[in-house]
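Chemist: kindly return the folded structure for what I paste below:
(2 chains)
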Number of protein chains: 2
Amino acid sequence: MQLRMYITTTLGFVAGALTTISFIPQVLHAWRSKRCDDLSWGMLLTFSIGVVLWLLYGVMLWAAPVIVANAVTLALLITIMVLKVRYTVR
Amino acid sequence: MQLRMYITTTLGFVAGALTTISFIPQVLHAWRSKRCDDLSWGMLLTFSIGVVLWLLYGVMLWAAPVIVANAVTLALLITIMVLKVRYTVR
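Modeler: Numbering: from 1, shown residues only, chains lettered A, B, ... in the order given. Presented below is the predicted three-dimensional model:
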(Lines give C-alpha, C1' and ligand atoms only; values in the text may rest on other atoms or scores of the structure.)
Protein backbone atom coordinates (compact mmCIF):
# COMPACT_ATOMS: atom_id res chain seq x y z
CA MET A 1 0.00 0.00 0.00
CA GLN A 2 2.92 2.30 0.79
CA LEU A 3 4.59 1.28 -2.48
CA ARG A 4 1.38 2.15 -4.34
CA MET A 5 1.35 5.66 -2.79
CA TYR A 6 5.03 6.07 -3.61
CA ILE A 7 4.41 5.11 -7.27
CA THR A 8 1.37 7.42 -7.44
CA THR A 9 3.27 10.43 -6.02
CA THR A 10 6.23 9.82 -8.35
CA LEU A 11 3.78 9.59 -11.27
CA GLY A 12 2.30 12.97 -10.26
CA PHE A 13 5.72 14.60 -10.04
CA VAL A 14 6.86 13.23 -13.42
CA ALA A 15 3.52 14.25 -15.01
CA GLY A 16 3.82 17.79 -13.60
CA ALA A 17 7.44 18.07 -14.75
CA LEU A 18 6.52 16.96 -18.30
CA THR A 19 3.52 19.29 -18.75
CA THR A 20 5.70 22.16 -17.45
CA ILE A 21 8.85 21.54 -19.54
CA SER A 22 6.75 20.85 -22.65
CA PHE A 23 6.61 24.62 -23.24
CA ILE A 24 10.42 24.83 -23.57
CA PRO A 25 10.45 23.20 -27.09
CA GLN A 26 7.54 25.52 -28.01
CA VAL A 27 9.54 28.62 -27.00
CA LEU A 28 12.57 27.35 -28.97
CA HIS A 29 10.38 26.52 -32.00
CA ALA A 30 8.84 30.02 -31.98
CA TRP A 31 12.24 31.66 -31.46
CA ARG A 32 13.84 29.78 -34.36
CA SER A 33 10.95 30.07 -36.83
CA LYS A 34 10.06 33.65 -35.79
CA ARG A 35 6.43 32.59 -36.08
CA CYS A 36 3.58 32.05 -33.58
CA ASP A 37 0.60 32.61 -35.88
CA ASP A 38 -0.80 29.08 -35.49
CA LEU A 39 -0.92 29.36 -31.69
CA SER A 40 -4.39 30.62 -30.80
CA TRP A 41 -4.75 33.59 -28.41
CA GLY A 42 -7.80 31.82 -26.99
CA MET A 43 -5.61 28.87 -25.96
CA LEU A 44 -2.72 30.97 -24.67
CA LEU A 45 -4.90 33.30 -22.58
CA THR A 46 -7.29 30.63 -21.23
CA PHE A 47 -4.37 28.35 -20.37
CA SER A 48 -2.47 31.23 -18.70
CA ILE A 49 -5.45 32.22 -16.55
CA GLY A 50 -5.78 28.55 -15.58
CA VAL A 51 -2.09 28.41 -14.62
CA VAL A 52 -2.42 31.61 -12.53
CA LEU A 53 -5.33 29.97 -10.65
CA TRP A 54 -3.25 26.76 -10.17
CA LEU A 55 -0.51 29.00 -8.77
CA LEU A 56 -2.95 30.62 -6.30
CA TYR A 57 -4.23 27.12 -5.43
CA GLY A 58 -0.64 26.04 -4.71
CA VAL A 59 -0.06 29.14 -2.55
CA MET A 60 -3.31 28.54 -0.60
CA LEU A 61 -2.21 24.94 0.13
CA TRP A 62 1.46 26.00 0.38
CA ALA A 63 2.29 23.08 -1.92
CA ALA A 64 5.80 23.70 -3.24
CA PRO A 65 5.63 21.41 -6.32
CA VAL A 66 2.37 23.04 -7.49
CA ILE A 67 3.82 26.55 -6.96
CA VAL A 68 7.13 25.83 -8.72
CA ALA A 69 5.62 23.93 -11.69
CA ASN A 70 3.01 26.61 -12.36
CA ALA A 71 5.40 29.54 -11.86
CA VAL A 72 7.77 28.04 -14.46
CA THR A 73 4.85 27.26 -16.84
CA LEU A 74 3.56 30.84 -16.49
CA ALA A 75 7.02 32.29 -17.24
CA LEU A 76 7.24 30.13 -20.41
CA LEU A 77 3.69 31.08 -21.48
CA ILE A 78 4.45 34.80 -21.00
CA THR A 79 7.60 34.33 -23.13
CA ILE A 80 5.52 32.69 -25.89
CA MET A 81 2.92 35.49 -25.76
CA VAL A 82 5.63 38.20 -25.93
CA LEU A 83 7.16 36.43 -28.96
CA LYS A 84 3.71 36.15 -30.57
CA VAL A 85 3.08 39.90 -30.17
CA ARG A 86 6.58 40.68 -31.44
CA TYR A 87 6.32 38.42 -34.49
CA THR A 88 2.79 39.56 -35.39
CA VAL A 89 3.50 43.31 -35.43
CA ARG A 90 6.02 43.36 -38.26
CA MET B 1 -10.93 27.59 7.93
CA GLN B 2 -13.68 25.60 6.21
CA LEU B 3 -14.36 28.61 3.95
CA ARG B 4 -10.66 28.73 3.05
CA MET B 5 -10.70 25.05 2.03
CA TYR B 6 -13.91 25.63 0.04
CA ILE B 7 -12.31 28.56 -1.82
CA THR B 8 -9.13 26.54 -2.45
CA THR B 9 -11.02 23.53 -3.85
CA THR B 10 -13.17 25.77 -6.07
CA LEU B 11 -9.98 27.48 -7.29
CA GLY B 12 -8.53 24.08 -8.21
CA PHE B 13 -11.65 23.03 -10.11
CA VAL B 14 -11.85 26.32 -12.06
CA ALA B 15 -8.10 26.15 -12.81
CA GLY B 16 -8.42 22.57 -14.08
CA ALA B 17 -11.46 23.45 -16.18
CA LEU B 18 -9.63 26.41 -17.78
CA THR B 19 -6.41 24.54 -18.63
CA THR B 20 -8.55 21.76 -20.13
CA ILE B 21 -10.96 23.87 -22.21
CA SER B 22 -8.08 26.10 -23.40
CA PHE B 23 -7.37 23.52 -26.12
CA ILE B 24 -10.85 23.99 -27.66
CA PRO B 25 -9.97 27.42 -29.20
CA GLN B 26 -6.69 25.87 -30.41
CA VAL B 27 -8.55 23.06 -32.21
CA LEU B 28 -10.96 25.59 -33.78
CA HIS B 29 -8.06 27.87 -34.80
CA ALA B 30 -6.22 24.96 -36.46
CA TRP B 31 -9.40 23.74 -38.15
CA ARG B 32 -10.23 27.19 -39.58
CA SER B 33 -6.72 28.17 -40.66
CA LYS B 34 -5.80 24.64 -41.84
CA ARG B 35 -2.38 25.24 -40.29
CA CYS B 36 -0.51 23.80 -37.26
CA ASP B 37 3.08 24.48 -38.36
CA ASP B 38 3.88 26.82 -35.47
CA LEU B 39 2.85 24.24 -32.86
CA SER B 40 6.00 22.33 -31.93
CA TRP B 41 5.95 18.51 -31.94
CA GLY B 42 8.20 18.66 -28.88
CA MET B 43 5.51 20.56 -26.98
CA LEU B 44 2.59 18.43 -28.24
CA LEU B 45 4.28 15.09 -27.48
CA THR B 46 5.83 16.06 -24.12
CA PHE B 47 2.56 17.63 -22.99
CA SER B 48 0.56 14.58 -24.14
CA ILE B 49 2.83 12.13 -22.28
CA GLY B 50 2.45 14.36 -19.20
CA VAL B 51 -1.35 14.28 -19.57
CA VAL B 52 -1.32 10.45 -19.92
CA LEU B 53 0.67 10.25 -16.66
CA TRP B 54 -1.79 12.67 -14.96
CA LEU B 55 -4.57 10.37 -16.16
CA LEU B 56 -2.83 7.31 -14.64
CA TYR B 57 -2.27 9.36 -11.46
CA GLY B 58 -6.00 10.14 -11.36
CA VAL B 59 -6.86 6.46 -11.89
CA MET B 60 -4.46 5.36 -9.10
CA LEU B 61 -6.12 7.83 -6.70
CA TRP B 62 -9.53 7.23 -8.29
CA ALA B 63 -9.95 11.02 -8.41
CA ALA B 64 -12.81 11.75 -10.81
CA PRO B 65 -11.96 15.42 -11.58
CA VAL B 66 -8.33 14.51 -12.45
CA ILE B 67 -9.49 11.62 -14.67
CA VAL B 68 -12.17 13.64 -16.50
CA ALA B 69 -10.03 16.79 -17.01
CA ASN B 70 -7.07 14.83 -18.37
CA ALA B 71 -9.15 12.50 -20.56
CA VAL B 72 -10.77 15.55 -22.22
CA THR B 73 -7.38 17.30 -22.58
CA LEU B 74 -5.87 14.16 -24.15
CA ALA B 75 -8.74 13.88 -26.65
CA LEU B 76 -8.23 17.54 -27.67
CA LEU B 77 -4.44 17.08 -27.95
CA ILE B 78 -4.89 13.98 -30.13
CA THR B 79 -7.27 16.01 -32.35
CA ILE B 80 -4.64 18.76 -32.69
CA MET B 81 -1.92 16.22 -33.54
CA VAL B 82 -4.13 14.51 -36.16
CA LEU B 83 -4.84 17.94 -37.73
CA LYS B 84 -1.11 18.77 -37.65
CA VAL B 85 -0.22 15.54 -39.49
CA ARG B 86 -3.06 16.09 -41.96
CA TYR B 87 -2.15 19.72 -42.69
CA THR B 88 1.59 18.99 -42.97
CA VAL B 89 1.34 16.18 -45.55
CA ARG B 90 -0.20 18.16 -48.39
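
Chemist: show me the helices in chain A, by range?
Modeler: A:2-21, A:23-33, A:41-61, A:64-88 (DSSP state H).

Chemist: what helices or strands is the first one leaning on?
Modeler: Put plainly, it is helix A:2-21. Counting contacts by 3 or more C-beta pairs under 8 Å, 6 or more residues apart in numbering or on different chains; DSSP states H and E, helix A:2-21 is packed against helix A:64-88, helix B:41-61. C-beta: built from backbone N, CA, C; applies to glycine.

Chemist: picking up where we left off before, I'd like to know which of the helices of chain A is closest to residue B:25.
Modeler: Each of the helices of chain A has some distance to residue B:25 by C-beta to C-beta; the shortest is helix A:41-61, at 2.7 Å.

Chemist: I'd like the helices and strands packed on helix A:2-21 laid out as CSV, including mean neighbour count.
Modeler: Output for those, formatted as CSV (neighbours: other C-beta atoms under 10 Å in any protein chain shown):
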stretch, mean neighbour count
helix A:64-88, 17
helix B:41-61, 19
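
Chemist: can you say which of those helices is nearest to residue B:27?
Modeler: helix B:41-61 (12.4 Å).

Chemist: near chain A, anything from the closest one?
Modeler: Yes - on the criterion C-beta under 8 Å from any C-beta of the partner chain, helix B:41-61 is in touch with chain A at B:41-44, B:46-47, B:49-51, B:53-54, B:56-57, B:60-61.

Chemist: mean confidence for that helix?
Modeler: In this model, helix B:41-61 carries a mean pLDDT of 95.

Chemist: shaky segments in chain A?
Modeler: A:89-90 (pLDDT under 70).

Chemist: give me the most central residue, it.
Modeler: residue A:73 (2.7 Å; C-alpha atoms, centre = their mean).

Chemist: isn't that residue right up against residue A:51?
Modeler: Yes - assessed by C-beta atoms under 8 Å, residue A:73 is found in contact with residue A:51 at 5.1 Å.

Chemist: so who does residue A:18 touch?
Modeler: B:46-47, B:49-50, B:53 (C-beta atoms under 8 Å, 6 or more residues apart in numbering or on different chains).

Chemist: nope, residue A:51 is what I was after
Modeler: A:70, A:73-74, A:77, B:15, B:19.

Chemist: same check on residue A:38?
Modeler: Residue A:38 touches B:29-30, B:33, B:35-39, counting by C-beta under 8 Å, 6+ apart.

Chemist: how far away is the nearest residue to residue A:48 once chain neighbours are set aside from chain B?
Modeler: Closest residue to residue A:48 apart from its sequence neighbours, by C-beta to C-beta, 6 or more residues apart in numbering or on different chains: residue A:77 at 4.9 Å. Taking C-beta to the nearest C-beta, to the nearest Å as the measure, residue A:77 falls 10 Å from chain B.
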